[in-house]
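K.L.:
model the structure of this input:
(3 chains)
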Amino acid sequence: MLPKQYRLKNKAAFSATYRIKNSFHKGGVTLFAGIKKKENCPTRAGFVVSKKTHKRAVKRNRLKRLMRECYRLLLKSGNTGNAGEYLSLIFVGGEGALDKNFFEMQNIIKKLLERL
RNA sequence: UAAAGCAGCCGGAUAAUCGCGCAUUGCGCUGACGGAUAUUGUUACAAUUUUGUAAAAAAUCAGGUGGCUGUCAAAAUUUGGCAGCCGGUCAACAAUGUGAGGAAAGUCCGUGCAUCCGAGGACAAAUCGCCGGAGAAACUCCGGACGGCGUGAGCCGGUGGAAUAGGACCACAGAAAUGUUAGACUGCCGAUGGACGAAAGUCACAGGCGAUGGUGCAACGGCGAGGUAAGAGCUCACCGGCGGUGUUGAGAAGCACCGGCCAGGCAACCCCCGAUAGGAUGCAAGAUUAAAUUGAAGGUUAUAAAGGCUGUCCGCCGACUUCAGAAAUAUCGCUAGAGAUUGCGGGUAACCGCAAUACCAGACAGAUGAUUAUCUAUAAACAGAACACGGCUUACGGGCUGCUUUAUUUU
RNA sequence: CGGGAUGUAGCGCAGCUUGGUAGCGCACCGUGUUCGGGUCGCGGGGGCCGCAGGUUCAAAUCCUGUCAUCCCGA
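P.N.:
This is a model prediction of the structure:
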């Protein structure tokens, strides 16, 4: 879990981010970016793994936790590229990302953030 | 030693770094703090999904320091400051504590709990179905009976009634498939009666028969002997079924004796008998707070007052309020319990009783994670709480313990 | 989280209520018609009825368990 002020929490916020349709894809992970910030506030991030990706909750939780942890570590080291300019980010885990380990995942997230 | 059967247990540990939910405490508390402000949603119209057009609302709006005592100051009964005590509380930060399972799963049963509906009774419909016990209840558990499977330890079983209350069905084959005592296809006999004949006998006419063959899952008990014209429970022995009596048992049922044999299957088809229970919907149940906002809904103001439509009256707009609609959010429901652990006692057991101990997840885009090192055995199986509990079923790498059975070998 | 439905030939569906023979359309194969192809005509193949047990003489159908897919409720 990220600290609360960095979390994307509202349903309206999620659908608003999806509507921008600004997306990048790599290694089974899709990144949606929201609008750019107007004022100074933290970038919020959400992590989504659909039930269609895998049937079992344990596998889905694992993927979500990996993505979250990688993003957290990058956020902590200040290595998030241009992500700070956006109000919201959503990471969607797909089928291709299920078998990735921590280091592969870290690479994927890093590359995605660089492309923003 | 090997292969089995049953019962039970474990479901990685330790350390380091980074990180999260919840609880408590600390710090803080009136321009402290903090949540939502992403064009979603609402209303109207249009068309087929889904969208388009228009309208109003939007920079504003939930939550948020109270009480008592003492003291000081202003002032003359209150106000303000400070301190203490008691309570309340948002986020960040800090500290401490705590944080998934044996199946949390499937949702197959049952119960609590909540809302709505229902006078009472009967019928119908529903569910269950060997016996006794346990349990809040259950497609639950325990002990037993019977039947089946296995060399055995053991395992499996929706197991009431088809001799009487009734209906349906039993394809094809077959003569016939359940009928007021079934039926003559292949057949057997023709004793008795009849015809012919001297008689033996012949005819197969009146009739008798349910044995033989064949069909079928199944042919109206089986098998053997007697018996007979041929046959038949017609008679007898044994076996099976059914009924009665006696006896053992709490009962299911077992055992013994007697009886007459017109007795098919199917009740996981209808049905009959017995038993049970108000029904429906599920925590997204439901309760509370509340702003913007909508309504040609109701009431009050109103025999009063202010403003507008017209100078006056009526009426309308208006004001207040109730009700209804109303998205997200917030608070509660929400975890102290048919509970857990340990011990003692009762019971064959399921389980019950008593005592002691501690409080042990409660989220809401949803916590319990990531990396590294060491250890055992390469840490690797199935798998993630969402109102709670009791069961059932299914998935599962590896390991451990106890009891029992069979086989082989040795003593 | 709760509620409901469906699995039958390569594809889309009947049959299940009332148990005995699995059928229809398209596709596929062969053949006829045509100079050739299409169309059309005739003939044919292909199914352990999702899986596993049970009841029954007999199960796609009845009963139980299980797996998969889809739909609905904010």
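
K.L.:
pull stretch A:89-100 out as CSV, backbone CA atoms only.
P.N.:
Provided in CSV are the C-alpha atoms of stretch A:89-100 (Å, rounded to 0.1, in the frame of the first residue of the first chain):
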residue,chain,number,x,y,z
LEU,A,89,-1.9,7.2,-13.1
ILE,A,90,-3.5,3.8,-13.4
PHE,A,91,-1.6,0.6,-13.9
VAL,A,92,-3.6,-2.3,-15.3
GLY,A,93,-2.1,-5.8,-15.0
GLY,A,94,-2.8,-8.1,-17.9
GLU,A,95,-2.3,-11.8,-18.6
GLY,A,96,1.3,-11.4,-19.8
ALA,A,97,2.5,-9.9,-16.5
LEU,A,98,1.3,-12.8,-14.3
ASP,A,99,4.6,-14.7,-14.3
LYS,A,100,7.0,-11.8,-13.9
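
K.L.:
go through that stretch and flag the buried ones.
P.N.:
A:L89, A:I90, A:F91, A:V92, A:G93, A:G94, A:A97, A:L98, A:K100 (16 or more other CB atoms under 10 Å). The way it works is simple: take the backbone N, C-alpha and C, and place the C-beta from them, glycine included.

K.L.:
stretch A:63-80 too?
P.N.:
For stretch A:63-80, by 16+ other CB under 10 Å, it's A:L63, A:L66, A:M67, A:R68, A:E69, A:C70, A:Y71, A:L74, A:L75, A:T80.

K.L.:
now the fourth one: which helix or strand?
P.N.:
Using DSSP states H and E, the element containing A:R68 is helix A:57-77.

K.L.:
what's that helix packed up against?
P.N.:
In terms of contacts (3 or more CB pairs under 8 Å, 6 or more residues apart in numbering; DSSP states H and E), helix A:57-77 is packed against strand A:44-49, strand A:88-93, helix A:102-114.
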